[in-house]
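*Asks:* sequence and predicted structure, then a few things I'm wondering about:
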Amino acid sequence: MPSGLIPFPFHLFSFHHPSLSRNPSHTDLRGEQREIMLSVLALTSVVLLGIASQTTAIVVYTSWERHALVGTDVRLSCSFFSWQWTSPDVTFSWHYRPDGAKEAISIFHYAGGIPYVDTKGPFRDRMEFVGNPSRRDGSILLKNVDFADNGTFTCDAKNPPDIAGSPSHVRLLVFEKVPVQAGVITGAIIGVVLGLLILIVAIYYLMRFLVARRVFSLSMSKHGRKGKGKEGSQQKQALAVTDPAKLKAAASEKKKQESRREKK
Amino acid sequence: MLIILAFIILFHITSAILLFIATIRNVWWVSKGYTLDLWYYCNSTNCYDIPNSATDKAAYLQIIQATMILATILCCVGFFVFILQLFRLKQGERFVFTAIIQLLSAFCVMTGASIYTAEHLNFQDESFKEGDYGYSFVVAWVAFPMTLLSGFMYLVLRKRK
């Protein structure tokens, strides 16, 4: 496949040669350099991609852990990432290793467009294929789970010619009542507290802004009717000055105290 | 005074570092060659998930995780707010905002460390009942008065030119 790319850049370079032999003006030369640089960049990126697609293996994704209540249905999802297009020969296979057992048994296989569901093992009549292989989804549905179904499920996907890769495990935990999931309370507390803090700060600044505006609008409504614009503006200025004046008076008091402290 | 400023900043950074250590290191409880909490239990070679972390007993552990993380976040945010207020405050005003954040952080550490002290026997595994408190626990408790003191210092301090 990569060998087919080699003739490509030669055409690109030969295309630009005739323009160089004509009268080369300033802008023409700069444009030429830019185009040559772009073509070199495109060439290297295509070559790198070609190399990369050959070296990266297939990556299979499943959940880390699944929690389920007794008697419910559990969907175990499995997907994969591969640089190749999804081939019609894509295969999915699921293995199951019960908790405490050393060996894994095969429970599901999808090949050649046909799903083969377990008919003799622990999941006979309880498993259903709910995936979409053309969309790279190889999920299975386990119905009516029981405590005996606790264990590790392994999904292995192959997308010819991309077959090198490691399978992915998902652990199934079956409970009588839904447990406290790891991290849920932690995240909830952190989110709520930080959200409340941000809300309080926002409300504080909003109140300050609104109070300032209310003072402004009050002075307008009181003296605006009398029609004397000068008086009204003077009042406005007086009101606007008193607030920072109070602050400055307090600050100057504190300054004296502070300078005494600083001298210590 | 630059010396006071340097001391305050150093104090704040020290308390932040202590909070990071207490939150990240899994050494709140030491027993039988294992060090536990808050996130994994580890021996000298490997770390394992805390067993039964997906049960009701884990609720207390998760609260402690949350409060320790909150305390660390608030301490770091407080540092940035302090730097901001250093440049934005008018002369003579107090660093109230920073003080509030530091006091909240102290409150979170206190909550987390207290809950751990009171409830750790309930959520730890039976086999780890015999043991001692590890250094992360001590560091968490030390971080509490440090953040408290830091908060009060910001309440008392006033901005100078």
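*Replies:* Alright, I've got the coordinates. If you're wondering where the values come from, they're calculated on a predicted model, not measured in any experiment.

*Asks:* for the rest of this, base every contact and every neighbour count on C-alpha atoms.
*Replies:* Noted.

*Asks:* remind me which residues of chain B are low pLDDT?
*Replies:* For chain B, residues meeting the criterion pLDDT under 70 lie at B:51-56, B:161.

*Asks:* quick one, helices of it?
*Replies:* B:2-24, B:58-88, B:96-123, B:135-156 (DSSP state H).

*Asks:* in the stretch 1-150 of chain A, what residue comes closest to chain B?
*Replies:* Of all residues in the stretch 1-150 of chain A, A:His67 sits closest to chain B, at 9.1 Å by C-alpha to the nearest C-alpha.

*Asks:* what does the helix or strand that residue falls within contact?
*Replies:* Using DSSP states H and E, A:His67 maps to strand A:65-69. With C-alpha atoms under 8 Å, 6 or more residues apart in numbering or on different chains as the test, strand A:65-69 has contacts from A:74, A:76, A:145, A:170-178.

*Asks:* can you show me the CA trace of that strand as CSV?
*Replies:* Output in CSV follows, covering the C-alpha atoms of strand A:65-69 (Å, rounded to 0.1, in the frame of the first residue of the first chain):
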residue,chain,number,x,y,z
GLU,A,65,-16.8,-2.7,36.0
ARG,A,66,-20.5,-3.2,35.8
HIS,A,67,-22.8,-3.3,38.8
ALA,A,68,-26.2,-5.0,38.5
LEU,A,69,-29.1,-5.9,40.7
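
*Asks:* give the pairing partners of it; include direction for each.
*Replies:* strand A:168-175 (parallel) (DSSP bridges).

*Asks:* which element follows the strand it pairs with toward the C-terminus?
*Replies:* helix A:184-223.

*Asks:* any idea of the angle that next one forms with helix B:58-88?
*Replies:* 40 degrees (axes from the mean of the first three to the mean of the last three C-alpha atoms, to 10 degrees).

*Asks:* in space, what's closest to the most centrally placed residue in chain B - neighbours in sequence excluded?
*Replies:* In chain B, the residue lying closest to the centroid (C-alpha atoms, centre = their mean) is B:Leu19, at 3.6 Å. Using C-alpha to C-alpha, 6 or more residues apart in numbering or on different chains and skipping the chain neighbours, the partner closest in space to B:Leu19 is B:Thr72 (5.7 Å).

*Asks:* and if you look at B:Met146?
*Replies:* Nearest to B:Met146 is B:Ser15, by C-alpha to C-alpha, 6+ apart, at 6.0 Å.

*Asks:* returning to what we had before: is it possible to get JSON lines of the helices of chain B that adds distance to A:Asp137?
*Replies:* As requested, the helices of chain B are exported to JSON lines (distance: least, C-alpha to C-alpha, whole Å):
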{"stretch": "helix B:2-24", "distance to A:Asp137": "37"}
{"stretch": "helix B:58-88", "distance to A:Asp137": "34"}
{"stretch": "helix B:96-123", "distance to A:Asp137": "39"}
{"stretch": "helix B:135-156", "distance to A:Asp137": "44"}
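
*Asks:* okay, now residue 130: neighbour count?
*Replies:* I'll assume chain A. Neighbourhood size, A:Val130 [other C-alpha atoms under 10 Å in any protein chain shown]: 15.

*Asks:* that answer is for a different chain, and I need it for chain B
*Replies:* With other C-alpha under 10 Å as criterion, B:Glu130 counts 11.
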